[in-house]
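> Below are the sequence and a predicted model for it; my questions follow.
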Amino acid sequence: MTTQPSAVSDTRSSERLAGRVALVTGGAQGIGRAIAQRLANAGAIVVVGDLNDPGDASQWIELDVTSSDSVAACVDEIAARYGRLDIVVNNAGIMFEEDIETHRESSWQKMLDVNLTGPFLVTKAAVPYLKASKGAIVNVGSIEGFSCNPGHAAYAASKAGVHGLTGALAVDLGPFGIRANAVAPGWIDTELNASFVDRHPDRDEVVRQLGELHPVGHIGDPSDVGDVVVWLASDEARFVTGQVITVDGGRLSKPPLPGILQA
Ligand SMILES: NC(=O)c1ccc[n+]([C@@H]2O[C@H](COP(=O)([O-])OP(=O)(O)OC[C@H]3O[C@@H](n4cnc5c(N)ncnc54)[C@H](O)[C@@H]3O)[C@@H](O)[C@H]2O)c1
């Protein structure tokens, strides 16, 4: 899917996060991968915690965010390797559609386990280290925590939960010098929503119409989210906590008009 030309280059300082150690969950692909790359470009040592090996030069630790044992093993391994943990990015997530009437309890639970309980477990395990480093947490929510597509009850509930968790973490951990914020991405070009786009035979037309929903004229690139995460994790955001920053090209600011009234 084509996005915008501005998405790729990263010209900022490679020193902003020098000496910091970061964990990015779900960093093997998509948004998490871009976050990991942007954090590394800013000078951080980045560990990708994911079910899957990214298959590149990334430092990968196998992680299932739904398992407290797996989470503890991952965080302890990072501490053993580097002696510190400064930045936690709770990015791992899943998405699927199910109608509310026929929604299986098991799939509802699975969505909440990965998308909401995961960030809780990872944060809980990381807090002792984050206290020592006066670190930062960045959760990946979604614009679907504010408004949602059909069949997304579990996904929307999980992401609204992530936004709520973010505020709670800011309140509880602020006294220890730990900041907690979230990004709420809009439509970003990844595997997560590729199957949705691919339902229609004319992919280019889907992309064109998706672009029209955005004041900036196009959907987002994973690096668009990565750059905001770097800022939130950095000292430049030292007085910012408890916030959910929407990264959606203005889509939520533009309520749709009927097609016949559009210019
Ligand atoms: N793509 C979008 O348009 C969009 C929009 C808003 C929010 N988001 C959110 O951004 C995050 C990343 O989405 P993406 O589009 O890059 O998805 P993706 O499917 O491309 O990548 C998700 C990653 O999470 C990993 N993962 C899944 N379950 C896991 C588990 N139990 N433990 C550890 N890792 C696990 C996967 O292996 C994969 O590497 C998700 O939280 C998603 O909800 C995405």
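Ah, there it is. Numbers count the residues shown, from 1 in each chain.

> Helix, strand, or coil at residue 196?
helix (DSSP: H, G, I helix; E, B strand; the rest coil).

> Look up how far residue 239 lies from it.
From residue 196 over to residue 239 the distance is 38 Å, taken as CB to CB, to the nearest Å. In this view, the C-beta of every residue, glycine as well, is placed from N, C-alpha and C.

> where does the stretch 151-263 of the chain come near the ligand, residue by residue?
Counting by CB under 6 Å from any ligand atom, the positions of the stretch 151-263 of the chain adjacent to the ligand are 185, 187-188, 190-193.

> cutoff 8 Å now
Counting by CB under 8 Å from any ligand atom, the residues of the stretch 151-263 of the chain close to the ligand are 155, 159, 162, 184-193, 219-220, 222, 225.

> quick one: residue 138 is in a strand?
Yes. Assessed by three-state DSSP, residue 138 belongs to a strand.

> got a pLDDT number for it?
Confidence at residue 138, expressed as pLDDT, is 99.

> was I right about it contacting residue 87?
Yes. Counting by CB atoms under 8 Å, residue 138 does reach residue 87; the two are 7.3 Å apart.

> Find residues that contact each of these two.
residue 233 (CB atoms under 8 Å, 6 or more residues apart in numbering).

> Next up, the contacts around the residue lying closest to residue 169 once chain neighbours are set aside.
In space, and not counting its chain neighbours, residue 169 is closest to residue 180: 3.6 Å by CB to CB, 6 or more residues apart in numbering. With contacts defined as CB under 8 Å, 6+ apart, the neighbours of residue 180 are 123, 136-139, 166-167, 169-170, 173, 241-242.

> From these, list the buried ones, please.
Using 16 or more other CB atoms under 10 Å as the burial test, the contacts of residue 180 include 123, 136-139, 166-167, 169-170, 173, 241 as buried.

> farthest-separated two in those?
136 and 167 (15.0 Å; CB to CB).

> Identify, from the contacts of residue 180, the entry nearest to the ligand.
Distance to the ligand across the contacts of residue 180 (CB to the nearest ligand atom) is lowest for residue 139, with 8.7 Å.

> what's the closest non-adjacent residue to that closest one?
Closest to residue 139 by CB to CB, 6+ apart is residue 182, at 4.2 Å.

> Give the bridge partners for the one you found, please.
residue 139, residue 244 (DSSP bridges).

> Distance check, it against residue 142.
9 Å.

> Need the residues that contact the worst-scoring helix or strand of the chain on mean pLDDT.
Here the helix or strand of the chain ranked lowest by mean pLDDT, DSSP states H and E is helix 191-197, holding a mean of 85. Residues outside helix 191-197 that contact it (CB under 8 Å, 6+ apart) are 1, 29-30, 93-95, 187, 203, 206-207, 210.

> Quick check on those residues: which are buried?
Taking 16+ other CB under 10 Å as the criterion, what is buried in those is 1, 29-30, 93-95, 187, 206-207, 210.

> Cross the residues you listed against helices and list the overlap.
30, 206-207, 210 (DSSP state H).

> and which of those residues is nearest to the ligand?
For these, the nearest to the ligand is residue 30 (2.3 Å; CB to the nearest ligand atom).
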